[in-house]
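Peer 1: I'll drop the sequence and a predicted model, then ask my questions.
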Amino acid sequence: MMHRHTAVLLSAVITSAVVVPALAQTAIKAPAADTEQVLEMQLKMEEARLLPLRAMYVRYFQQAYRRYPSIPRGTLESLAYVQSRWSPLQPDTSDQDHAHLRMPPSWGVMGLYAGGGFEDQVGEAAKLLGVSSAAVRTEAATNILAAAALLDAQIRQDHPDAAKAGAPAPEAIRAALMRYAGYAPRDAGVTARSAVDDYARTSFAYDVLLAQDRGVNDRGIVVPERAIAWEQAFDAPQLVTLRAPMVRLDVSKDRVETDAYQVDPISETLQARSASASKTSAAPALDAGIQSTDYGPAIWSAASASNYTASRSAAVSAVTIHTAQGSYAGTISWFKNASAQVSAHYVIRSSDGQVTQMVRNADTAWHVRNQNSYTLGIEHEGYIDNSSWYTNAMYESSAALVRSFCSTYSAISCTSAYSGASSSGINVLATSVKIKGHQHYSGQTHTDPGINWNWSKYYALLNPGSGGGTGTVTYLDRFESTVGHFNTSPSYSGSTTGISTASTATRDCTTQKNGSCSLRVLLKDDTASSAAWAVRLLSGSGTPASNTALTRSNGVVGFWVWSGGSGTSVGLGIDDSDGTERSTSKAITANTWTYVSWSLSDAAQWNAWVDGNGAITASSVKLDAIWLYHANTAYDVNVYIDDVQIKN
């Protein structure tokens with residue numbers, strides 16, 4: 001039940017010369033009931049505009065690898081994913097006084113910084129390439145070459161023969177990635193830089209490696225999947241802090257558990273057996289090793305004391321939703337910079353919903369101007385004009401955090417959250433709306449989270465079961481615009497057997513039961529194994545916190561499925577209060593759409609899997625995975641999944 005990987009590891013496109021301007025926001029007004037459809041339409045329009053651009057980026061990446069052979073293949077695609085989600089960042093420098101967080105802007109698909117509090121990556125790369133800074137900022141091919149030149153210089157510090165001997169493994173360039181990140185200016189003292197941004201730089205390196213470990217194939221963004229030997233990049237305490245996929249801790253004895261660390265069989269991540277173990281490290285210390293005392297699932301990493309007030313002048317009574325206009329690691333680094341004069345209580349990562357707390361709830365973060373005294377601020381990684389950042393994992397994690405506020409502070413009710421249509425610009429809401437965006441407060445100039453934040457979806461996550469009524473259907477994933485929760489390959493889970501890592505799960509708009517698209521799962525045989533195929537197709541990467549809460553009462557979970565070959569059967573995994581239960585399997589007829597479902601309240605339909613008891617007993621549970629079964633075969637099998645849902 002460990003994460004898929006080989007040998008020692010079990011863990012888990014261009015423009016012409018000039019890049020197009022950043023996508024402008026278009027305000028689309030619609031009744032709240034139509035919010036989902038409007039956002040879906042916006043996302044499809046965004047995809048259509050970006051697909052030709054992203055197709056060209058692929059060619060530019062290949063040119064950069066040929067010029068800089070020291071860089072492991074897939075790294076540039078991953079850097080672009082982490083920094084921009086493959087979008088051409090062109091910030092409005094004429095309005096930096098009102099820029100969100102006053103954070104240094106980043107440029108181009110590679111998200112390069114140009115000073116202003118971070119390093120001048122643009123200027124440094126321009127010198128290396130012998131081109132103008134303007135070309136680095138605005139020309140896609142040059143921007144990619146600039147990032148490659150900067151990373152190459154860092155890699156060759158540790159691997160001087162890489163250009164001739166060949167690129168090192170991705171995990172072997174972790175230190176180079178940390179130096180490349182571009183946060184604290186180079187003229188800062190070494191000690192000061194270390195204290196300010198070690199955690200941010202470590203998070204950045206982890207993000208880049210994680211994108212490669214999972215692989216990305218969505219809306220024209222392709223980051224090739226490549227298993228990362230996590231234990232070669234980070235030490236055990238760092239892996240616990242970063243929530244990294246599982247690794248072998250003792251290769252010589254082929255062990256995955258030690259006296260100090262163990263594997264969580266559900267999320268397949270490393271956990272410390274005791275609090276003291278996570279704080280013991282021979283590697284550079286991470287102040288994030290301390291667990292948040294305000295919110296258990298969060299990592300604690302303090303903002304600079306110069307960026308918040310160590311007390312409150314009013315009781316906590318509201319929550320402010322932000323979009324950072326930057327990356328997760330970059331935002332963390334900025335809040336640690338004493339000159340930033342800005343902060344938020346929490347920062348949430350897009351890819352997996354990881355939460356870092358930077359200001360205690362009892363203190364006043366500086367995030368919403370004249371409304372700071374009574375609000376809790378949450379920064380979400382990403383940019384308001386690119387919907388790719390707003391993942392299911394981010395929504396789920398953010399909603400879980402806010403639900404904890406609702407249970408802690410009597411003045412904040414989750415039912416008082418805004419649930420209307422998203423919009424651009426300033427849209428002041430009544431003070432009775434306690435959970436709302438930065439753009440919804442009076443006296444503001446910032447317009448986040450903006451047109452792409454799905455308020456009706458967020459409200460439903462804050463108030464699970466609010467749909468009410470027997471027979472109400474809640475769709476978990478419809479695949480109309482993204483792969484949704486199913487953002488890892490079929491072989492990603494170590495519980496999967498029999499199939500090759502070449503197997504894929506991608507959105508497909510040529511075959512579907514309802515709507516326009518479905519999820520195509522291409523299963524390829526692992527020729528080195530004669531085992532029958534058992535595929536744990538993870539939802540939310542198998543992490544309960546990244547999945548939607550399901551109400552057990554009268555709950556029936558199901559989906560439509562189509563298989564291109566006979567002999568396929570399917571099932572479900574459900575994360576219950578005592579572990580994970582796995583459903584009975586159901587055979588499906590080949591070459592036709594079949595609806596399959598399981599009742600959460602019928603114990604006869606469930607078997608114990610990991611620490612479970614063979615019955616769904618909790619009032620609220622999470623979907624862990626869809627299971628696909630087939631006898632071992634050398635033939636490819638295509639399975640299509642559509643409209644994953646629960647009916648109560």
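Peer 2: The structure has been received and is ready for your questions.
Peer 1: partners of A608 in the sheet?
Peer 2: Note on A608: beta-bridge partners by DSSP bridges are E581.
Peer 1: separation between it and T543?
Peer 2: Distance of A608 to T543, computed by CB to CB, to the nearest Å: 20 Å. C-betas here are computed from N, CA, C, even on glycine.
Peer 1: higher neighbour count, those two?
Peer 2: Set side by side, A608 and T543 show more neighbours around T543, with 24 against 15, by other CB atoms under 10 Å.
Peer 1: the more buried one against N392, yeah?
Peer 2: No: using CB atoms under 8 Å, T543 makes no contact with N392, being 11.2 Å away.
Peer 1: mind listing the helices for this protein?
Peer 2: Taking DSSP state H as the test, the helices found in the chain are 35-67, 75-84, 121-129, 133-138, 140-158, 162-165, 174-180, 190-214, 230-233, 236-242, 328-335, 392-408, 455-462.
Peer 1: tell me which of these is the most buried.
Peer 2: By mean neighbour count, with neighbours taken as mean count of other CB atoms under 10 Å, helix 328-335 ranks first of those at a mean of 29.
Peer 1: from the contact counts, what lies against that one?
Peer 2: In terms of contacts (3 or more CB pairs under 8 Å, 6 or more residues apart in numbering; DSSP states H and E), helix 328-335 is packed against helix 190-214, strand 346-348.
Peer 1: hey, least reliable of these by pLDDT?
Peer 2: Per-stretch mean pLDDT for the helices and strands packed on helix 328-335 is lowest at helix 190-214 (a mean of 79).
Peer 1: tell me, how many residues neighbour L523?
Peer 2: Residues within reach of L523, counting by other CB under 10 Å, total 29.
Peer 1: also I173?
Peer 2: 27.
Peer 1: ok, it to R226 distance?
Peer 2: Distance from I173 to R226, counting by CB to CB: 13 Å.
Peer 1: show me what the helix or strand of the chain with the lowest mean pLDDT packs onto, helices and strands only.
Peer 2: Every helix and strand of the chain was ranked by mean pLDDT, DSSP states H and E. The lowest is strand 261-263, at a mean of 74. Using 3+ CB pairs under 8 Å, 6+ apart, the elements in contact with strand 261-263 are strand 270-272.
Peer 1: how far off centre is the strand it packs on?
Peer 2: Its chain's C-alpha centre and that of strand 270-272 lie 20 Å apart, by CA atoms, centre = their mean, to the nearest Å.
Peer 1: cool, and stretch 403-416?
Peer 2: 25 Å.
Peer 1: tabulate the CA atom coordinates of that stretch in PDB.
Peer 2: Extracted in PDB, the C-alpha atoms of stretch 403-416 (Å, rounded to 0.1, in the frame of the first residue of the first chain):
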ATOM      1  CA  ARG A 403     -15.200  25.300   9.100                       C
ATOM      2  CA  SER A 404     -12.800  25.100  12.000                       C
ATOM      3  CA  PHE A 405     -13.200  28.900  12.400                       C
ATOM      4  CA  CYS A 406     -17.000  28.500  12.400                       C
ATOM      5  CA  SER A 407     -16.800  26.000  15.200                       C
ATOM      6  CA  THR A 408     -14.300  28.100  17.200                       C
ATOM      7  CA  TYR A 409     -15.700  31.700  16.900                       C
ATOM      8  CA  SER A 410     -19.400  32.200  17.700                       C
ATOM      9  CA  ALA A 411     -19.500  35.400  15.600                       C
ATOM     10  CA  ILE A 412     -18.600  33.400  12.400                       C
ATOM     11  CA  SER A 413     -21.300  31.200  11.000                       C
ATOM     12  CA  CYS A 414     -20.600  29.100   7.900                       C
ATOM     13  CA  THR A 415     -24.100  29.800   6.700                       C
ATOM     14  CA  SER A 416     -23.200  33.500   6.600                       C
END
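Peer 1: rebuild the helices and strands packed on helix 328-335 as JSON lines, extending it with distance to G115.
Peer 2: Below are those laid out as JSON lines (distance: least, CB to CB, whole Å):
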{"stretch": "helix 190-214", "distance to G115": "15"}
{"stretch": "strand 346-348", "distance to G115": "23"}
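Peer 1: to S566, which of these lies closest?
Peer 2: Minimum separation from S566 across those (CB to CB) falls at helix 190-214, 31.1 Å.
Peer 1: nearest to A587 among the helices of the chain would be which one?
Peer 2: Closest approach to A587 among these (CB to CB): helix 392-408, 29.4 Å.
Peer 1: packing partners of that closest one?
Peer 2: Against helix 392-408 (3+ CB pairs under 8 Å, 6+ apart) you get strand 318-323, strand 346-348, strand 375-380, helix 455-462.
Peer 1: would you single out the least confident of these?
Peer 2: Lowest mean pLDDT of these: helix 455-462, a mean of 92.
Peer 1: could I get it in CSV with only the CA atoms?
Peer 2: Output of helix 455-462 as CSV, limited to C-alpha atoms (Å, rounded to 0.1, in the frame of the first residue of the first chain):
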residue,chain,number,x,y,z
TRP,A,455,-18.6,30.9,-4.4
SER,A,456,-21.5,28.5,-4.7
LYS,A,457,-19.2,25.5,-4.6
TYR,A,458,-17.3,27.0,-1.7
TYR,A,459,-20.6,27.6,0.2
ALA,A,460,-21.6,23.9,-0.3
LEU,A,461,-18.2,22.8,1.1
LEU,A,462,-18.6,25.0,4.1
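Peer 1: so how far is A532 from Q341?
Peer 2: Distance from Q341 to A532, by CB to CB: 60 Å.
Peer 1: and if you look at V240?
Peer 2: 34 Å.
Peer 1: please tell me how far I384 sits from D448.
Peer 2: 5 Å.
Peer 1: likewise A140?
Peer 2: Distance from A140 to D448, by CB to CB: 26 Å.
Peer 1: same question for Y113.
Peer 2: Separation of Y113 from D448 (CB to CB) stands at 20 Å.
Peer 1: so between the two, which is more surrounded?
Peer 2: Per other CB under 10 Å, whichever of Y113 and D448 has more neighbours is Y113, with 25 against 22.
Peer 1: so the more buried one makes contact with M103?
Peer 2: No: in this structure, Y113 is not within contact of M103 by CB under 8 Å, at 9.6 Å.
Peer 1: quick one on the thing from earlier: closest to T482 out of the helices and strands packed on helix 328-335?
Peer 2: For T482, the closest of the helices and strands packed on helix 328-335 is helix 190-214, at 14.3 Å, according to CB to CB.
Peer 1: could you find the closest non-adjacent residue to Y635?
Peer 2: In this structure, Y635 finds its nearest non-sequential neighbour in G565, 6.8 Å apart by CB to CB, 6 or more residues apart in numbering.
Peer 1: now do stretch 535-551: distance to the chain's middle.
Peer 2: Chain-centre distance of stretch 535-551: 13 Å, with CA atoms, centre = their mean.
Peer 1: okay, it in PDB with CA atoms only?
Peer 2: The C-alpha coordinates for stretch 535-551 follow below in PDB (Å, rounded to 0.1, in the frame of the first residue of the first chain):
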ATOM      1  CA  VAL A 535      -6.000  -0.100  -9.900                       C
ATOM      2  CA  ARG A 536      -6.600   2.300  -7.000                       C
ATOM      3  CA  LEU A 537      -7.500   5.400  -9.000                       C
ATOM      4  CA  LEU A 538      -7.100   8.000  -6.300                       C
ATOM      5  CA  SER A 539      -9.500  10.800  -5.600                       C
ATOM      6  CA  GLY A 540      -7.700  13.900  -4.200                       C
ATOM      7  CA  SER A 541      -4.400  12.000  -4.300                       C
ATOM      8  CA  GLY A 542      -5.900   9.700  -1.700                       C
ATOM      9  CA  THR A 543      -5.800  12.300   1.000                       C
ATOM     10  CA  PRO A 544      -9.100  12.700   2.900                       C
ATOM     11  CA  ALA A 545      -8.600  16.400   3.400                       C
ATOM     12  CA  SER A 546      -8.500  16.900  -0.300                       C
ATOM     13  CA  ASN A 547     -11.900  15.300  -0.900                       C
ATOM     14  CA  THR A 548     -15.500  16.400  -0.500                       C
ATOM     15  CA  ALA A 549     -17.400  15.400   2.700                       C
ATOM     16  CA  LEU A 550     -20.200  12.900   1.900                       C
ATOM     17  CA  THR A 551     -23.200  12.400   4.200                       C
END
